[in-house]
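> Structure of the sequence below:
(one chain, ligands or ions: 1)
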Amino acid sequence: DWTAANIVDDTVRAVREQVGDKRVLCALSGGVDSAVAAALVQRAIGDQLTCVFVDHGLLRKGEAEQVERDFVAATGVDLKVSDATDRFLGALSGVIDPEEKRKIIGREFIRTFEAAAREVQAEGEVEYLVQGTLYPDVVESGGGEGAANIKSHHNVGGLPEDLKFTLIEPLRALFKDEVRAVGEELGLPSAMVWRQPFPGPGLAIRIVGEVNPARLDLLREADAIAREELTNAGLDRDVWQFPVVLLADVHSVGVQGDGRTYGHPVVLRPVSSEDAMTADWSRLPHELLERISTRITNEVPQVNRVVLDITSKPPGTIEWE
Ligand code: XMP
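Numbering: from 1, shown residues only. Prediction:
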């Protein structure tokens, strides 16, 4: 009989059987899947699990705190935080090409995770690695044990030989809505359970142009306003994703008070979709768009223009990069 509580019980039992008294590692990203997978394994084996959170400094406002504070409070998980912001931003400095950004972020993620994994190893042999692979990922990659490597950005691939672990995939039989139900059952913060998909490279691919701390700050503020207003309008679950994009290398002229401003535009990119393969631009209420625009231009320095992306996918992608 399908209930979230039953899934939790079955999975907890299966993980205990698989793991025995061995130690387990898990990388948290801030996303739903890794959080629910980690919480399930924590429920099963407690402190035999160590989670690693690589903070690349490219998450949205409040998301790192959500992992470090709220998730830990909800689960009691043993968490090791690797604050690697400077390292990621250093490596991204001067980089404009989107694919180059992705490569650098992927590489730095592996390096940072590897260092953290070694530290955990040093405290005692680790045998298993948790991954938040879902049923659709299993199908897409043709099934088989640990065969979910097609979407390589969802996984911790590329670890050296001496850090190869056996995978635990507690969400392998589940669809996204089931994962969310399990997350709620486990008492995870609802902002995490209901988070919309967010790309691994984070805000780096929502800044068109070079990524730097000042630009990240601007985008974080604008994005937080858009998300807050969407939530207040009760439309969170009607929108698939709502990227806010900073056109950092574009200057737009505006007027504010008695003066002319020379700032940047941000783009609102709310989309509806089933699976991100195709998407349509969301017809958000004009009043909501107006509130977002007014607040962003009033509250975010150097942003003097808010534009709405009305391109479907195809031909436009969901992200701008
Ligand atoms: P696009 O922009 O191609 O995005 O329409 C489709 C979906 O994939 C997400 N996305 C990524 N996710 N690493 C990720 O983990 C990436 O490099 C990446 N690029 C795009 C995007 O947010 C959307 O959900």
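> per-domain residue ranges of the protein.
Using automatic domain parsing, the domain parsing of the chain gives 4-193, 202-308.
> what's the average pLDDT for the first one?
This means domain 4-193. For domain 4-193, mean pLDDT rounds to 92.
> Same question for the last one.
The predicted model assigns domain 202-308 a mean pLDDT of 97.
> Confirm for me that residue 138 is in contact with residue 172.
Yes - using C-beta atoms under 8 Å, residue 138 is in contact with residue 172, at 5.7 Å. The C-beta positions use only the backbone N, C-alpha and C, and glycine is treated the same way.
> got TSV for the domains of the chain, with mean neighbour count and distance to residue 321 too?
As requested, those are arranged in TSV below (neighbours: other C-beta atoms under 10 Å; distance: least, C-beta to C-beta, whole Å):
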stretch	mean neighbour count	distance to residue 321
domain 4-193	18	4
domain 202-308	17	4
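> what would these look like in JSON lines with distance to residue 316?
Shown next, in JSON lines, are the domains of the chain (distance: least, C-beta to C-beta, whole Å):
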{"stretch": "domain 4-193", "distance to residue 316": "14"}
{"stretch": "domain 202-308", "distance to residue 316": "8"}
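> could I get those domains as TSV with distance to the ligand?
What follows is the domains of the chain, written out as TSV (distance: least, C-beta to the nearest ligand atom, whole Å):
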stretch	distance to the ligand
domain 4-193	4
domain 202-308	4
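> In this structure, mark out all the strands, start to finish.
Applying DSSP state E to the chain gives strands spanning 23-28, 49-55, 78-83, 126-130, 166-168, 207-208, 244-247, 252-256, 259-268, 271-272, 280-281, 303-308.
> Specify the angle between the second one and strand 78-83 in degrees.
With axes from the mean of the first three to the mean of the last three C-alpha atoms, to 10 degrees applied, the angle from strand 49-55 to strand 78-83 works out at 20 degrees.
> Going by contacts, tell me the helices and strands next to strand 49-55.
strand 23-28, helix 32-45, strand 78-83, helix 98-122 (3 or more C-beta pairs under 8 Å, 6 or more residues apart in numbering; DSSP states H and E).
> Among those, which comes closest to residue 284?
Of all the helices and strands packed on strand 49-55, it is helix 32-45 that lies closest to residue 284, at 23.1 Å by C-beta to C-beta.
> how about the helices in the stretch 201-321 of the chain?
Here the stretch 201-321 of the chain has its helices, by DSSP state H, counting those that start in this stretch, at 213-232, 286-299.
> ok so, going back, turn the strands of the chain into JSON lines, including distance to residue 188.
Output for those, formatted as JSON lines (distance: least, C-beta to C-beta, whole Å):
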{"stretch": "strand 23-28", "distance to residue 188": "12"}
{"stretch": "strand 49-55", "distance to residue 188": "13"}
{"stretch": "strand 78-83", "distance to residue 188": "14"}
{"stretch": "strand 126-130", "distance to residue 188": "15"}
{"stretch": "strand 166-168", "distance to residue 188": "18"}
{"stretch": "strand 207-208", "distance to residue 188": "29"}
{"stretch": "strand 244-247", "distance to residue 188": "25"}
{"stretch": "strand 252-256", "distance to residue 188": "40"}
{"stretch": "strand 259-268", "distance to residue 188": "28"}
{"stretch": "strand 271-272", "distance to residue 188": "25"}
{"stretch": "strand 280-281", "distance to residue 188": "30"}
{"stretch": "strand 303-308", "distance to residue 188": "33"}
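> mind checking which of the ones you listed is nearest residue 197?
strand 271-272 (10.5 Å).
> Run the chain-centre distance for the closest one.
With C-alpha atoms, centre = their mean, to the nearest Å as the basis, strand 271-272 stands 17 Å off its chain's centre.
> swap in stretch 196-212?
In terms of C-alpha atoms, centre = their mean, the centre of stretch 196-212 is set 10 Å apart from its chain centre.
> now the end-to-end length of it.
Taking C-alpha to C-alpha, to the nearest Å, stretch 196-212 runs 24 Å from one end to the other.
> again with stretch 90-98
Using C-alpha to C-alpha, one end of stretch 90-98 lies 16 Å from the other.
> neighbouring contacts of that stretch?
Contact with stretch 90-98 is made by 101, 104, 105, 107, 108, 204, 205, 209, 210, 211, 212, 321, as judged by C-beta atoms under 8 Å, 6 or more residues apart in numbering.
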